[in-house]
Structures are given as C-alpha cells and as structure tokens.
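Trainee: this one's structure only:
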DNA sequence: GATGAATGAGTCTTCATTCAT
DNA sequence: TATGAATGAAGACTCATTCAT
C-alpha cells in the first residue's frame, strides 16, 4: 500500500479522471450495447484500460453500476432542485419541474438510458420515491387553490411515466425540436390541472 | 390412441398444456426476479420440470422468450382491436383506446412486465410502431374537427409512455381502484385534446 | 410383445428394410456431415423416422455404428475373397487383391468413408489384422520364388495405406478414370515386387 | 520487472510456456484418447490447469485445435523444405522428400495423429494442396527425362497415402527399424519411377 | 412396432473475482 | 497503481437413453 495524503491532489486528480473515464465507458456500453453486453471486460476495453484496473478502482462490478446510478441522481438533483425551489407558486413549480426534467433528460440521454437498464435489471425496485415529491407538489397546489380537483396520484404517475419514456424517445430522435416538445407537454398539464 | 377425459389432466398433459406451463413459469420468473435471473434452469424449476424439457419444447431460450412476447401481442390484439374499431368518432375511439389498453394491462400485469423486460434486453427496439396507429387516430380526429390543435406526435408519445408505465404501477399496487384510475386518465386526455 | 414366427416373412422383410434404411441413413450422414454431426436424431431424420425407432431397432447408437462397420466387412469379404482365392499364383493374387479392393472401394465410397470415421473415433484400434493376410500373401510369393526380395511388411503397409487413402480420393473425384488408376497401381507394385 | 533465471521456470511460467503445455496436452489427449474424448476440460486436466485457463489463452476450443494443426505445419515446413530444396535433381529430390517426410513423422507421431484426428473431424477438407507440390516434383522429373512415364497423379496420391498411413503405424510400433523402413520405401519408388 | 416426451450427463463458453507482480 | 493470469461458478445447449402409450 502506498501512502497517499488527502492533499496529494495530483494523484487524486488522476484517480478521479480514471474513475470518470470508466464510468463514461460504462454508460456508453450500457446505452449502446445493452445490459447483457456490459461486462467488466467490455467496459474496461471501452475505457482503454484493463479489467483488473476497473475492479481496482470500484471494487466490484456492482460498484461501477452503483456509481453510474449515483452520479446521475447527483447531477439531476443539482440541475433541477434549485430551479424548482426558485419557482414561486405550485403552477409555476410544476412547469419548472417538467421543463428542467425534460431538459436534463435531453442533455444526457445515454446516461439516463444506462441507468434505466441498470435499474431494470436489479431486484430492488423502490422507485416510488420519485413520485412522492411530485405528488406533494400537486397536492400543495390543490390545497392552495392554484390547481384543480384532479387525482394527484394519477397525474404524478403520468408525469413520471412521461419522463421515463422521454429518455428513450430523445435518444432515438436526435433531431427533435426540444423546445416545442417541452412546451406541448407543459401546455397539456396546464390544461389537465387547471382549476376551471 | 385411447380417449382421454378432461379430468385426466394430471397424468396426461398434452403438449400445449406443457408449453403453457413453461410460458407461465417464464412470465412469473421474469416479472418477479428480473431478466438476469430468468435462466432456463430457473424457468424449468418454476414449471416443475427440467431444463431439457424446456429446450425440448422451445428449441432454445430465445424460443421461450419469443413465445412470451408473441402470446401477449396476440392476446392484446384480440382484446383491444375489436373494441376500438367498434367505437365511432375519434374522441370516443381515444377513450376506448385508453380504457381497453389499461384494462388489458391491469388484467395481466406480470405478463406485461415480463415482455417489457425481454424487450429492454434485446438489441432490436422498433417499438415506434406502437405509436404510429395512435398518432393516426389523433390526426384523423383533428382533421375531422373533433379534436383540438395539439401536437399529435407528443400526445401519442405521452399516452404510450403512460401505458408502459402503468403495468409497473399496476403490478406493484394490486389494491388499486382501476375504474377511478382509468376515468382520471381519460378525463385528462379529454381535456388535453379538447377543441376549445 | 407380439408373436412373430420365423416364417412371418412379410414382417421380417419390413423390419429388415427398416434396418437397412437406418443404416443407409447413418452412412449418408457420417460421410456427408462427419462423425460429430451423426447424432441418433440426425440419422433418424435422414431415415424419415424417429429417434425412438432407431433405438428400438438397434438398441443403442453404438449398435447402429457397429452394424455400419459389420455390413461393410461382410460385403467386402463377399466381394473380394472369392476373386482372390480364384487367382492362381502369388503375383496374380496380388493383382486381384489390388483390383478387387480398389473396385470395391470405388463402388461404395460413402460406406467406406463412414466406416473410416467410425473407426477413427473409437478407442479400440486393432486394424493390424487387415495387414496380416496381405503380408502372408506376399511372403508366400517370395517363398515360391514368384516375388522378389522386398520387405513384405513394408510393402503390405504401403498397400493398406493406399487402399485407405483411395476411398477419400475416390469420393472427392467422382469423374476419375478408375480402370487407368487401378492399372497404374498394379503396374507399380508389379515392378516393386519383381524378382529381377 | 525482475530478471529471472532459467531455473526459475517452475514458478514463473511465461505465457508461451503455458500455451505450449496446453498444446502438448491437447496432442496427448487427441492421439491417445481420440477426438471425441478431447474436451476442453480433459485437455485442461492433462495440462494440470483449469478449463478457464485454456480458454483464457486460446479463446475457444477451436483456437486450441487450430494451434495444434498450425504448429505441426510450421515445424514440418521448417524440417522438410530446406532439405528438399537442397537436393539436386528430381530423383534425389523425391528420395529426400520421402526420407525427410518419414523422419519427421517418426519424430512426432502423436502430433501427427492428433492433427489427423482434427482434420478428419472438420467439415472443410482441402488437403489436395499437399498433393500438388509432389505431383509437380514428379512431372518436372519426367520432363527432364530423369523419371519414367508413370501417372504422376496416381504416384503422388500413393505417396501421400503412405505418408498419412505411416504416422499411425509408427505410433503403434515404437520398436520399428526406421532406417530400414525408409530405405525400403525409397527403393520401391525408385523402381516405380525408373526410366527403363 | 413405433414414437413423442422427458431427462440428466456432459460440452463449450462467459464472466466476475482473486492474486502475484 | 495497474494488469496479466488464473479460476470456479453459472449458463445455454446437445444428445443418448428411458419410458409410457
């Protein structure tokens, strides 16, 4: 074991870069070749390194996949949370939720596809958490009289389903008019949640 | 050949019944344990038979999975097509589309989850075909003046995404009030596609 | 078990024909597709029957292969032995040996290829017996002063090797001038065994 | 990288040595137990290693067998080609061909048997190439007036057949007098190809 | 007599992981 | 830090054989 202090920034930076390379490679293989093809060896070759090195950095294949998932959530949270919190009013917050979510999805379709494939192939499915905050947002809007009397659970589910479906559609339609697409989704949920 | 009564089923399974058992087992394993866990051996044990028997009847693992997919499409087509064709007018046809689709999904959530997992783990993804007919239905309604000036492609995609998401939700919420859920979805798309 | 007397010629004839069909199918598969491809199932399909039927008639796969070998030896013996015994003098007998052997090989190249493939893939190799009679023929000729002072063992081996090689050559060169080929082989061994 | 002495061989096998071990094991199993018995597992055990290691080094079973064939051709070419080219005159060249060929066969009968078994069990058989050069040698000798008016194709085939048969005979008769055997073969073909 | 169905043993191959260097 | 080598577990598939009908 080599000694390595926290302040040894040069090495740490190298290490981080190498980890980033491997995660990027994993994302590329997962999104382009599918879950079954994403072996440690294939990811290593995509990252121009060796199987041993991948496992040296992440301990196990599961470690790599967890980092692929974690980093997406981290980036997604950073991207969306402040935008949504900055919005005032439930209606505006819903608009920003849809807008920032779809823009984030469009900005990294491969990463999102990769995470989908990982989650679909894992026994643990506790995705319900992603619906909770959204439902709360809607219910708060209804309580405040800003949003109409729709079923918040159903609408939240619809929105989640549309977000999940969007990544697949975006990655297969690179020439999409994103602004128009987003505007249309917002318009429809504006109508769906209107008070009148 | 001796005549066999229906009640003799335990001893004299016909080939069709054995195939059905295996397909049911494959659906159960795929939906409950995921694609990666769905080995031929696991499916065989779930069907209370042997690996060799599964491959004897279907030739290969791929043959089993293809039959899982095929049988769902067959059943789904039979279930929905006549209902939708029977409807008059684009608005009514859209309602029937949503209703029959969601009822079919709710009637066999495991089968649908299984097919999702198979398609997600296959290289070839040409699911766009499922959006085409729906878009045509919407455009026809717009041309006839029955439906408003929304973006038919976007709405069709939203509907497809919601259908795809529904099977997961239905299978994880068995106590769901299906009628209410369906009514809400229909209400929202009624609004979204309203002329005014 | 059905009763079947020896005089029940109709059934016996059927049975013999069926066995013959299966042996012919085995020969065809072995010679055309190789030993590895010669599964019971493949042989059965080639014979337009079922795996169960093949095993019913021959007990095991080994039984089929043994019959392929046995029938060739039987036919070969019947074809060659009387011709060779009818020849007078060692030199003439050697000529007839070469001639009848090569003609027999040319008459059923597939059967001979099939037997080669079987023997090559069996642990038991006691092919030396085929050289013995030939060596005796040569030695007798030398003792009688008809043949020269060559090494009988080596010449016998050469002849056997040429016979073995001939079947492969004959089956890959159907347009061969057999008479000329045989004449040449005889001429060479006439010279090789000449007294002077 | 530490310097390693030759005597350190037990601990630090180089990849080439390990590959050689596996090829030797494959040759041993093929020649002693036959093609059907030559499973990857059996070869691995013969090489005192594991199935995984064999496939790690050669990629597939086919890769192992190809190397068994390739290495024999390489060694045979190196052994014979220079000797034959060094000979002057067709008659002398034929003698050297027979001599070097038989000596090479006698020097590694197991390897040759192994290659025979591999080629016999492969669909593609284009062994005719081995006859071509030999026939050319004979025809050149006839054109030069050194060799008599025999059928070059037939004689070439006879020689090839004898070479092929020799490996089997040599491996089953380890106490053979090789020099005498070779001398006899050469004598016979000297006579067979004599001008007079 | 004949055959469809079933099965267990054996084969090749992939792959995540461990380890020595 | 990095990696080549090695390995065992698991998977899909083939196939000879058994058995009930």
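Mentor: Okay, I see it. Computed from a predicted structure; not experimentally measured.
Trainee: In terms of residue numbering, what are the domains of chain A?
Mentor: Chain A breaks down by automatic domain parsing into domains covering A:8-59, A:74-192.
Trainee: Quick one: closest of the ones you listed to chain B.
Mentor: Nearest of the domains of chain A to chain B, taken as C-beta to the nearest C-beta: domain A:74-192 at 2.8 Å. For glycine as for every other residue, the C-beta is placed from the backbone atoms N, C-alpha and C.
Trainee: other SSEs contacting whichever strand or helix holds residue A:64?
Mentor: For residue A:64, the host element (DSSP states H and E) is helix A:61-86. Packing partners of helix A:61-86 (3 or more C-beta pairs under 8 Å, 6 or more residues apart in numbering or on different chains; DSSP states H and E): helix A:9-33, helix A:40-46, helix A:51-58, helix A:90-107, helix A:109-120.
Trainee: about what we covered before: to residue D:89, which of the domains of chain A lies closest?
Mentor: domain A:8-59 (56.6 Å; C-beta to C-beta).
Trainee: For DNA strand E, tell me whether that closest one is touching it.
Mentor: Yes. Residues of domain A:8-59 contacting DNA strand E under C-beta under 7 Å from any atom of the strand: A:36, A:37, A:38, A:39, A:40, A:41, A:42, A:51, A:52, A:55.
Trainee: Make a markdown table out of the domains of chain A and add distance to DNA strand F.
Mentor: Below are the domains of chain A laid out as a markdown table (distance: least, C-beta to the nearest atom of the strand, whole Å):
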| stretch | distance to DNA strand F |
| --- | --- |
| domain A:8-59 | 3 |
| domain A:74-192 | 14 |
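Trainee: How about residue A:159: what's its closest non-neighbour residue?
Mentor: Excluding its sequence neighbours, the residue lying closest to residue A:159 (C-beta to C-beta, 6 or more residues apart in numbering or on different chains) is residue A:134, at 6.1 Å.
Trainee: again but with residue A:171, I slipped
Mentor: residue A:109 (3.8 Å).
Trainee: Now for that neighbour, how many residues are close by?
Mentor: Neighbours of residue A:109 under the rule other C-beta atoms under 10 Å in any protein chain shown: 19.
Trainee: got the residues of chain A near DNA strand E?
Mentor: A:36-42, A:51-52, A:55, A:60-62.
Trainee: Residue A:170 is in contact with the residue nearest to residue A:171, correct?
Mentor: Yes. Residue A:109 is within contact range of residue A:170, at 4.8 Å (criterion: C-beta atoms under 8 Å).
Trainee: and stretch A:108-128, which residues are buried?
Mentor: Within stretch A:108-128, the residues that count as buried by 16 or more other C-beta atoms under 10 Å in any protein chain shown are A:108-118, A:120-121.
Trainee: hmm, back to that, and the residue nearest to residue A:171, what's its pLDDT?
Mentor: Residue A:109 is assigned a predicted lDDT (pLDDT) of 90.
Trainee: check contacts around it.
Mentor: A:31, A:167, A:170, A:171 (C-beta atoms under 8 Å, 6 or more residues apart in numbering or on different chains).
Trainee: In those residues, which has the lowest confidence score?
Mentor: Within these, lowest confidence goes to residue A:171 (82).
Trainee: Now name the helix or strand holding that residue.
Mentor: Using DSSP H and E, residue A:171 sits in helix A:152-172.
Trainee: Quick check: next helix or strand after that helix?
Mentor: According to DSSP H and E, the helix or strand after helix A:152-172 is helix A:178-192.
Trainee: does any part of that next one sit near chain B?
Mentor: Yes. Judged by C-beta under 8 Å from any C-beta of the partner chain, helix A:178-192 comes into contact with chain B at A:180, A:181, A:184, A:185, A:187, A:188, A:191, A:192.
Trainee: I'd like to know which of those is nearest to chain C.
Mentor: Of all these, residue A:181 has the smallest distance to chain C: 55.7 Å, by C-beta to the nearest C-beta.
Trainee: any low-confidence regions in chain A?
Mentor: In the predicted model of chain A, residues A:1-11, A:13, A:123-129 satisfy pLDDT under 70.
Trainee: ok, 80 please
Mentor: Scanning chain A with the threshold set as pLDDT under 80 gives A:1-15, A:122-130, A:196.
Trainee: Look through it and state the residue closest to chain C.
Mentor: residue A:36 (29.1 Å).
Trainee: The nearest residue to that residue once chain neighbours are set aside: what's it in contact with?
Mentor: Of all residues not flanking residue A:36 in the chain, residue B:121 sits nearest, at 6.0 Å (C-beta to C-beta, 6+ apart). Listed by C-beta under 8 Å, 6+ apart, the contact set of residue B:121 reads A:34, A:35, A:36, A:120, A:121, B:35.
Trainee: Over to residue A:148?
Mentor: By C-beta under 8 Å, 6+ apart, the neighbours of residue A:148 are A:142, A:193, A:194, A:195, A:196.
Trainee: ok, 10 Å please
Mentor: Counting by C-beta atoms under 10 Å, 6 or more residues apart in numbering or on different chains, residue A:148 makes contact with A:141, A:142, A:191, A:192, A:193, A:194, A:195, A:196, B:191.
Trainee: Going by neighbour count, which of these are buried?
Mentor: A:141, A:142, A:191, A:192, A:193, B:191.
Trainee: Quick check: the nearest residue in space to residue A:19 that is not next to it in sequence vs residue A:17, distance?
Mentor: Of all residues not flanking residue A:19 in the chain, residue A:57 sits nearest, at 5.5 Å (C-beta to C-beta, 6+ apart). Plainly put, residue A:57 is 11 Å away from residue A:17 if you go by C-beta to C-beta, to the nearest Å.
Trainee: about what we covered before: ok, so of the buried residues of stretch A:108-128, who is nearest chain D?
Mentor: Scanning those for proximity to chain D, where the rule is C-beta to the nearest C-beta, the winner is residue A:121, at 24.8 Å.
Trainee: Quick check: that closest one vs residue A:114, distance?
Mentor: 11 Å.
Trainee: got it, and residue A:96?
Mentor: Between residue A:96 and residue A:114 the computed distance is 26 Å (C-beta to C-beta).
Trainee: now residue A:180
Mentor: In terms of C-beta to C-beta, residue A:180 sits 27 Å off from residue A:114.
Trainee: ok, residue A:78 - contacts?
Mentor: Counting by C-beta under 10 Å, 6+ apart, residue A:78 has contacts residue A:104.
Trainee: circling back to that earlier point, how deep is the residue of chain A closest to chain C tucked in, by neighbour count?
Mentor: 13.
Trainee: Give the helix, strand or coil label for it.
Mentor: Classification of residue A:36 using DSSP: H, G, I helix; E, B strand; the rest coil returns coil.
Trainee: who are the neighbours in contact with it?
Mentor: A:117, A:121, B:35, B:36, B:121, B:122, B:123.
Trainee: Which two among the residues you listed are spaced furthest apart?
Mentor: Checking those with C-beta to C-beta, the most distant pair is B:36 and B:123, at 16.3 Å.
Trainee: Against residue B:183, how distant is the spatially closest residue to residue A:18 that is not a sequence neighbour?
Mentor: Nearest in space to residue A:18, with sequence neighbours left out and distances taken as C-beta to C-beta, 6+ apart, is residue A:57 at 6.4 Å. Distance of residue A:57 to residue B:183, given as C-beta to C-beta: 52 Å.
Trainee: Between the two, which is the more surrounded one?
Mentor: Neighbour totals were compared for residue A:57 and residue B:183, and residue A:57 leads with 18 against 15 (other C-beta under 10 Å).
Trainee: Any buried residues in stretch A:35-50, and which?
Mentor: A:35, A:38, A:40, A:42, A:43, A:44, A:46, A:47, A:49.
Trainee: try stretch A:90-109
Mentor: Applying 16+ other C-beta under 10 Å to stretch A:90-109 flags A:90-91, A:93-102, A:104-106, A:108-109 as buried.
Trainee: for stretch A:16-32, same thing?
Mentor: Those would be A:18-19, A:21-31, for stretch A:16-32 by 16+ other C-beta under 10 Å.
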